[in-house]
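Colleague: model the structure of this input:
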Amino acid sequence: MLNHVILIGRLTRDPELRKTTSGLSVASFTVAVDDTYSRGPNGEKNTLFMGCSIFGNKADNVAKFVRKGSLVAVSGRLNQRKYTNKDNVQVTVIETIADNVDFLEPKGQSAAGPEDNFRQVAPQQTYSQVDTAASSNLDGLDVVDDDLPF
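Modeller: Numbering: from 1, shown residues only. Below you'll find the model as predicted:
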């Protein structure tokens, strides 16, 4: 038997970091994942909201480096737990216990809010600028047809 799940999606909120009584870190978060097999009445994608938890140093890293909107890949196992809520109703929860969370975007790319202060990256050269620079360097180059591989 096998219990393994891989989810790729975006966080719906910032991770919540807690500590157990023994001091172990636990990060809880929700990942929004498109359901590719189920479509709505007008053909729109259905979205699944999967609860996830990760433990230890990996939990600290998740809480430190990802925010609401971050694209992540979560791999782990499904877990089912039951509890009785304050209204004396038994509730069943299915969640992903993550072994790994991979960050799929560079820091601050789409999850950056207005309060984040990331350095500005210089715009890259356009292809025409690169072609002009390359051709000016090749002006003095003498190429013999026998040297070409084609």
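Colleague: what's the residue closest to the geometric middle of this structure?
Modeller: Most central in the chain under C-alpha atoms, centre = their mean is V72, positioned 1.7 Å from the mean C-alpha point.
Colleague: residues in contact with the residue nearest to it when sequence neighbours are not counted?
Modeller: Counting by C-beta to C-beta, 6 or more residues apart in numbering, V72 lies nearest to V101, which is 5.4 Å off, once chain neighbours are set aside. Backbone N, C-alpha and C define where each C-beta goes, glycine included. For V101, the contacting residues are C52, I54, K58, N61, V62, V66, V72, A73, V74, by C-beta atoms under 8 Å, 6 or more residues apart in numbering.
Colleague: dump those residues to TSV, plus distance to D34 and secondary structure.
Modeller: Output for those, formatted as TSV (distance: C-beta to C-beta, whole Å; DSSP: H, G, I helix; E, B strand; the rest coil):
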residue	distance to D34	secondary structure
C52	16	strand
I54	22	strand
K58	25	helix
N61	25	helix
V62	21	helix
V66	19	coil
V72	14	strand
A73	14	strand
V74	14	strand
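Colleague: turn the residues you listed into TSV, including pLDDT and distance to N46.
Modeller: Below are the contacts of V101 laid out as TSV (pLDDT from 0 to 100; distance: C-beta to C-beta, whole Å):
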residue	pLDDT	distance to N46
C52	97	19
I54	97	25
K58	97	29
N61	95	31
V62	96	26
V66	94	24
V72	97	20
A73	97	20
V74	97	19
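Colleague: what's the closest of the residues you listed to D14?
Modeller: V66 (8.1 Å; C-beta to C-beta).
Colleague: so which strand or helix has K64?
Modeller: If you go by DSSP states H and E, K64 is part of helix 57-65.
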